[in-house]
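1. The amino acid sequence is not available; the structure is as follows:
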């Protein structure tokens, strides 16, 4: 019999401002999501946000910046640009909402 994880949570919403070409975006997350848009609309930048956040959480921001080839713009232009990201999670068992 499979045991359920009592700490199971789902990403419910993501709000992003100032990441790459994303000026401002709030997206409610459903069990299945499809990203559609023209070339250059920001689909890939949205997806790369998750890699950025993963590297940031692991303390490996410099390796992300070096690997993605925009070190100059990240280190020298980002301070002029305000980067904001809010992730909203919901704990499934308790229906508690967490923001990070």
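-> Perfect, I can see it now. Small disclaimer: the values here were computed from a predicted structure and weren't measured.
2. my guess is residue 61 meets residue 51, correct?
-> No - look at residue 61 against residue 51 with C-beta atoms under 8 Å: they stay out of range, at 11.2 Å. The C-beta positions use only the backbone N, C-alpha and C, and glycine is treated the same way.
3. what sits opposite the nearest residue to residue 29 once chain neighbours are set aside in the beta ladder?
-> Spatial nearest neighbour of residue 29, excluding adjacent residues (C-beta to C-beta, 6 or more residues apart in numbering): residue 11 at 5.0 Å. Beta-bridge partners recorded for residue 11 (DSSP bridges): residue 89.
4. Repeat that for the one 4 residues further on.
-> Applying DSSP bridges to residue 15 yields these beta-bridge partners: residue 26, residue 86.
5. Just give me the neighbour total for it.
-> 14 (other C-beta atoms under 10 Å).
6. ok, it - contacts?
-> Residues counted as contacts of residue 15 (C-beta atoms under 8 Å, 6 or more residues apart in numbering) are 25, 26, 27, 84, 85, 86, 88.
7. Let me know the closest of those to residue 67.
-> Nearest to residue 67 among the contacts of residue 15: residue 85, at 19.4 Å, using C-beta to C-beta.
8. residue contacts, the closest one?
-> Counting by C-beta under 8 Å, 6+ apart, residue 85 has contacts 14, 15, 16, 17, 19, 49, 53.
9. Could you rerun that using 10 Å?
-> 14-19, 22, 25, 49, 52-53, 56, 100 (C-beta atoms under 10 Å, 6 or more residues apart in numbering).
10. Select only the buried ones of the residues you listed in ChimeraX?
-> A single ChimeraX command selects the buried members of the contacts of residue 85 (16 or more other C-beta atoms under 10 Å):
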select :14,16,19,49,52,53
